[in-house]
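**Q** Below: sequence and its predicted model.
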Amino acid sequence: ILVSTAFGTILAAAQILPTLELVNFSTRDQGLGGELFSNSGSVKMLLMFLYPFIFGNISKEFIPISANIGYYRENIAFYGTLTQILALSSLLILRKKKVIVALATIALGATILALGKNSPTYILFEIPPLSFFRIPARFLFITSFSIAILSAFVINKIEDIKKINMVSIIFLVIISLEIFIYWYKFNPYVEANTYLKKPHSALTLSNQLTQNYRYASMWPYLNKQIQPKDWNKETNLYLENFLFLNPDLNMIYNISTSDYYTSLNTRRISLFRNFYSKNIEVADRNNAKIKPFVINLLKLQAVKYLATPYLIDSNNLNLKFTFPGPENSTLNIYELKDPLARIRLVKNTIIVNTVSDLVTQIANEDFNIKDEAIFEGDIEKLKNPYNSYSIENITDKNTELTFDVTSDGDGYLVVADSFYPGWEAKVNEKKQKITAVNGNSRGVYIDKGSNHVEFKYKPKSLQIGASISVIAHLLALLLIIYELKFFKRLSRRFQS
């Protein structure tokens with residue numbers, strides 16, 4: 001098992017190394033801390049192995065927090081009663097097989113880990129890599145997988161006995177029926193066309209937005225999160241999120257946004273989220289208040305439109321469009337006054353060297369977001385500041401951004417895209433240093449004249465990881481070919 005795990009890790013190096021880089025750049029670089037056990041499995045979940053709805057069926061009724069069963073959606077590892085009976089019987093019928101003992105041990109270990117803070121092994125979560133697991137209950141996936149394989153071994157054993165091999169087919173039919181009986185109507189259903197049809201909000205924003213601007217929905221700070229009475233009544237909530245273009249629906253419709261749905265935030269993203277949480281207030285069911293500081297933060301991210309179900313009274317916003325949503329809800333799309341372009345030049349800089357200085361300067365009322373930029377670390381002073389400039393021929397291919405800058409003087413180029421390791425910049429084919437700007441943007445020095453600018457994402461973590469994975473996959477292929485030839489030779493010897 002250890003050898004298989006080690007080889008599997010090498011095979012997945014192309015995914016693992018970039019992920020480790022992200023972890024080091026994120027708020028989880030030292031582990032999860034207090035968030036670690038926020039969704040631990042409840043000890044009561046052990047009873048849910050016998051019957052998943054023993055404490056109530058969330059698809060038909062609301063289960064209160066007082067039931068103390070943890071995060072219901074994560075705490076179920078039920079494949080059917082027969083599946084679990086067969087898995088247990090494998091410990092008697094096939095107990096001499098090492099693989100059975102190994103799978104049973106894995107199932108037990110994963111179940112114990114899934115209990116999180118309620119587990120006798122909770123102290124292990126203080127040690128990497130377990131300290132990075134946000135929801136311990138997800139170890140139940142390994143439990144379910146192991147139980148399914150154990151039951152399959154028993155069915156395979158029965159199939160080998162000619163007198164009762166038909167029983168194996170009966171068992172498979174019963175297991176399949178159990179899955180359908182318990183889970184077929186568990187999740188809500190809606191008409192496919194409801195989600196296949198592009199919403200009016202997406203159509204409108206697609207026509208209004210250019211490559212140099214974005215929209216925002218300010219999820220989750222400006223979204224109505226109403227707890228439905230039961231699972232099947234969440235359909236309206238899902239539909240509202242769909243119509244209101246909550247993240248990450250922008251990827252489906254190719255609409256540029258500053259929003260993000262992620263549980264693994266970079267420290268720079270977390271900085272902005274902290275600002276939002278402190279400066280946005282939901283006044284009542286229909287109204288919300290946004291401080292001018294938040295509007296400035298949106299402008300720094302090249303946001304031109306704000307989509308929200310709330311009415312917002314602000315001198316910095318103009319109500320541009322309204323769209324009807326489910327259950328009498330309404331989507332309001334506001335246009336920001338004097339939005340800042342995604343790609344632009346500035347003349348003046350504010351230099352910061354610490355995080356506290358950065359926070360202070362961004363929140364400073366005297367910070368002129370239009371003409372100034374906050375640079376982290378020293379940057380070359382402008383020799384001949386520009387008076388006018390133009391940005392043309394913008395081409396964005398996800399990992400590559402190119403455009404042309406023409407100016408009558410030198411300037412600081414600010415691109416309101418995330419500052420992250422792996423990005424390289426070239427100006428007229430010459431490499432340029434990228435500096436972190438305005439908390440989470442990129443800055444480059446631009447000389448007077450016509451400049452062709454290229455930003456390309458070439459992370460070393462991916463290049464090294466991909467190389468390791470390719471070599472490992474080739475090695476695995478050679479081993480498979482060798483094994484096939486070995487068994488063929490062995491078969492010929494037996495035949496002779």
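**A** In hand now; what should we look at?
**Q** Helix, strand or coil: sort out residue 277 for me.
**A** Under DSSP: H, G, I helix; E, B strand; the rest coil, residue 277 falls in the helix class.
**Q** middle-most residue in the protein, spatially?
**A** residue 262 (3.8 Å; C-alpha atoms, centre = their mean).
**Q** What helix or strand is the closest residue to that residue other than its chain neighbours located in?
**A** Closest residue in space to residue 262, ignoring its immediate chain neighbours: residue 269 at 7.7 Å, by C-beta to C-beta, 6 or more residues apart in numbering. Where C-beta positions appear, they are placed from N, C-alpha and C, glycine not excepted. Element membership for residue 269, per DSSP states H and E: helix 267-279.
**Q** cool, residue 412 as well?
**A** Per DSSP H and E: strand 411-415 holds residue 412.
**Q** how about whatever helix or strand comes next after that strand: buried residues?
**A** Per DSSP H and E, the first helix or strand lying C-terminal to strand 411-415 is strand 423-427. Across strand 423-427, burial judged by 16 or more other C-beta atoms under 10 Å covers 423, 425, 427.
**Q** Contacts only, for the last one.
**A** Read that as residue 427. With contact taken as C-beta atoms under 8 Å, 6 or more residues apart in numbering, residue 427 is in contact with 444, 446, 447, 451, 452, 453, 454.
**Q** any idea how far residue 440 is from the residue nearest to residue 262?
**A** 7 Å (C-beta to C-beta, to the nearest Å).
**Q** These two: who's more crowded?
**A** Comparing residue 269 with residue 440 by other C-beta atoms under 10 Å, the one with more neighbours is residue 440, at 22 against 19.
**Q** Find me whatever residue is spatially closest to the more buried one, sequence neighbours aside.
**A** Nearest non-adjacent residue to residue 440, counting by C-beta to C-beta, 6+ apart: residue 268, 4.0 Å away.
**Q** and the one you found, how many residues sit next to it?
**A** The number of residues near residue 268, taken as other C-beta under 10 Å, comes to 21.
**Q** Verify the contact between it and residue 437 for me.
**A** No. Judged on C-beta atoms under 8 Å, residue 268 makes no contact with residue 437 at a distance of 10.9 Å.
**Q** Now list whatever residues contact both of the two.
**A** By C-beta under 8 Å, 6+ apart, the residues touching both residue 268 and residue 437 are residue 419.
**Q** Identify the residues contacting the residue lying closest to residue 221 once chain neighbours are set aside.
**A** Take residue 221 and drop its neighbours on the chain: the residue closest to it by C-beta to C-beta, 6+ apart is residue 280, 4.6 Å away. Residue 280 is in contact with 218, 221, 222, 288, 289, 290, 291, 294, counting by C-beta under 8 Å, 6+ apart.
**Q** Show me these that map onto helices.
**A** Using DSSP state H, residue 294 are the members of the contacts of residue 280 that sit in helices.
**Q** quick one: residue 458 and residue 396, what's the gap?
**A** 16 Å.
**Q** who has more neighbours, the two?
**A** residue 396 (15 against 11).
**Q** per-residue confidence for that one?
**A** Looking at residue 396, its pLDDT is 91.
**Q** Contacts only, for it.
**A** For residue 396, the contact set (C-beta under 8 Å, 6+ apart) comprises residue 211.
**Q** a markdown table for the contacts of residue 427, including neighbour count, distance to residue 31 and secondary structure?
**A** Shown next, in a markdown table, are those (neighbours: other C-beta atoms under 10 Å; distance: C-beta to C-beta, whole Å; DSSP: H, G, I helix; E, B strand; the rest coil):
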| residue | neighbour count | distance to residue 31 | secondary structure |
| --- | --- | --- | --- |
| 444 | 22 | 35 | strand |
| 446 | 21 | 41 | strand |
| 447 | 17 | 45 | coil |
| 451 | 20 | 44 | strand |
| 452 | 13 | 44 | strand |
| 453 | 21 | 39 | strand |
| 454 | 17 | 37 | strand |
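**Q** which residue packs closest to residue 253, ignoring adjacent ones?
**A** residue 202 (4.4 Å).
**Q** That neighbour sits in which helix or strand?
**A** Residue 202 is located in helix 200-208, with elements delineated by DSSP H and E.
**Q** What segments of the stretch 51-200 of the chain are helices?
**A** With DSSP state H, counting those that start in this stretch as the definition, the stretch 51-200 of the chain shows helices at residue ranges 81-93, 98-114, 140-159, 165-183, 192-196, 200-208.
**Q** Low-confidence bits of the stretch 101-250 of the chain, can you list those?
**A** For the stretch 101-250 of the chain, residues meeting the criterion pLDDT under 70 lie at 225-233.
**Q** in the sheet, who's paired with residue 333?
**A** Legend: beta-bridge partners of residue 333 under DSSP bridges are residue 307, residue 321.
**Q** and the gap between it and residue 257?
**A** Distance of residue 333 to residue 257, computed by C-beta to C-beta: 13 Å.
**Q** list residues touching both of these two?
**A** Listed as contacting both residue 333 and residue 257 by C-beta under 8 Å, 6+ apart are residue 215.
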